[in-house]
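J.: Provided below are the primary sequence and the corresponding predicted coordinates.
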Amino acid sequence: MSIELYPAIDLRGGRVVRLLRGDYLQQTVYDVDPVEIAERFKDAGCQWLHVVDLDGAKDGRPVNLTIIEKLIERSGMQVQVGGGIRTEEVLEYLLAVGAARVILGTRAISDLEWFEKIVFDPRFESRISLGVDARAGAVATHGWTNSDAKVTSVEQLAAIVAGWPLAAINYTDITRDGTLAGPNVQATAELVRLIPNIPIIHSGGVANLADIAQLKELPIAGIIVGRAIYEGTLDVRQAAALLKGESSAV
């Protein structure tokens, strides 16, 4: 099974941005139209789109819903959405408007009893991913601005959800995110070892085709890439082809 490339569109104030290591004060704004860039990703051979409402992640409620709905409707891709989704009502709404998958992070980790109920609800079967964002193995929540006191480590969280019917786990090493410094392959490999039965999607640090090739050696389900695309260090078409086994050039 090939690994999917997930080009990322992070939204803040209605614009496409990237943060450095999850720091809202270190933001780069890209002068691109979210819908147009999504259509370009589709044309380059990508089947999935990773969309995060950064305003929502920080404020605790979705803020960029209008743009997200347009991306779902017009991109022609399967869209996974995260950021500020902390109620069942918002979850239901996003799925109703066509999101293929919804990522739950802060509320899921802060309220595992609620999250377990959601994951095991037949209405949401194979539609819920867990967003695991970590610094040095410690889980971070609330738009990466806090660490949760109840579940303090990735290893502890993995032990809890290992048997749950999750669609995927989106794992981000915050210290690598937005840096173009290379992926934390070791940490991702360790999570795969801890939870071999749940698809793992890597995020953070990818800069070029060599990084894609390195991650391709892991038994993971996907790779999320953002800044490298917008900065021009990674060609989306080449990366998608490499993951599909259509090219080996790095």
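T.: Everything's here; your move.
J.: let me know whether residue 3 touches residue 217 as I believe.
T.: No - applying CB atoms under 8 Å as the test, residue 3 and residue 217 come out as separate, 10.0 Å apart. For every residue, glycine as well, the C-beta is placed using N, CA and C.
J.: overlap in contacts of those two?
T.: Taking CB atoms under 8 Å, 6 or more residues apart in numbering as the contact rule, residue 3 and residue 217 touch no residue in common.
J.: who has more neighbours out of the two?
T.: Neighbours per residue (other CB atoms under 10 Å) separate residue 3 from residue 217, with residue 3 holding more: 22 against 9.
J.: with adjacent residues omitted, what lies nearest to that one?
T.: Using CB to CB, 6 or more residues apart in numbering and skipping residues adjacent in sequence, the residue nearest residue 3 is residue 243, 4.6 Å away.
J.: go ahead and confirm the one you found touches residue 218.
T.: No - Residue 243 is beyond contact range of residue 218, at 11.8 Å (criterion: CB under 8 Å).
J.: for the residue nearest to residue 3, give me phi and psi.
T.: phi -70, psi -30 (degrees, to the nearest 10).
J.: identify the residues contacting it.
T.: Residue 243 neighbours (CB under 8 Å, 6+ apart): 2, 3, 4, 5, 212, 216, 223.
J.: buried members of those residues into ChimeraX, please.
T.: Buried residues among the contacts of residue 243 (16 or more other CB atoms under 10 Å), as a ChimeraX selection:
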select :3,4,5,212,216,223
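J.: so, low pLDDT: which residues of this protein?
T.: Confidence mapping of the chain against pLDDT under 70 gives the ranges 1, 22, 141-150, 247-250.
J.: what ranges do the helices span in it?
T.: In the chain, the helices defined using DSSP state H lie at 34-43, 54-59, 65-74, 88-96, 106-110, 112-119, 154-161, 185-194, 209-216, 227-231, 236-243.
J.: so for residue 179, which of those sits nearest?
T.: Checking the helices of the chain against residue 179 by CB to CB gives helix 227-231 as the closest, at 8.0 Å.
J.: surely residue 134 and residue 152 touch.
T.: No - look at residue 134 against residue 152 with CB under 8 Å: they stay out of range, at 10.3 Å.
J.: distance check, residue 157 against residue 151.
T.: Applying CB to CB, to the nearest Å, the value for residue 157 to residue 151 is 5 Å.
J.: which residues do these two both contact?
T.: 109, 139.
J.: beta-bridge partners for the closest residue to residue 220 other than its chain neighbours, please?
T.: Leaving aside its sequence neighbours, residue 220 sits nearest to residue 200 (CB to CB, 6+ apart; 4.8 Å). Here residue 200 sits in beta bridges with residue 169, as judged by DSSP bridges.
J.: show me the contacts for residue 200.
T.: By CB under 8 Å, 6+ apart, the residues touching residue 200 are 168, 169, 171, 188, 191, 192, 220, 221.
J.: got a markdown table for those residues, with distance to residue 53 and neighbour count too?
T.: Converted to a markdown table, the contacts of residue 200 look like this (distance: CB to CB, whole Å; neighbours: other CB atoms under 10 Å):
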| residue | distance to residue 53 | neighbour count |
| --- | --- | --- |
| 168 | 18 | 21 |
| 169 | 19 | 26 |
| 171 | 19 | 26 |
| 188 | 24 | 22 |
| 191 | 24 | 23 |
| 192 | 28 | 19 |
| 220 | 24 | 21 |
| 221 | 22 | 21 |
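J.: now do the contacts for the spatially most central residue of the chain.
T.: The residue lying closest to the centre of the chain (CA atoms, centre = their mean) is residue 170, at 5.1 Å. Counting by CB under 8 Å, 6+ apart, residue 170 touches 50, 80, 82, 103, 129, 130, 131, 132, 201, 203, 224.
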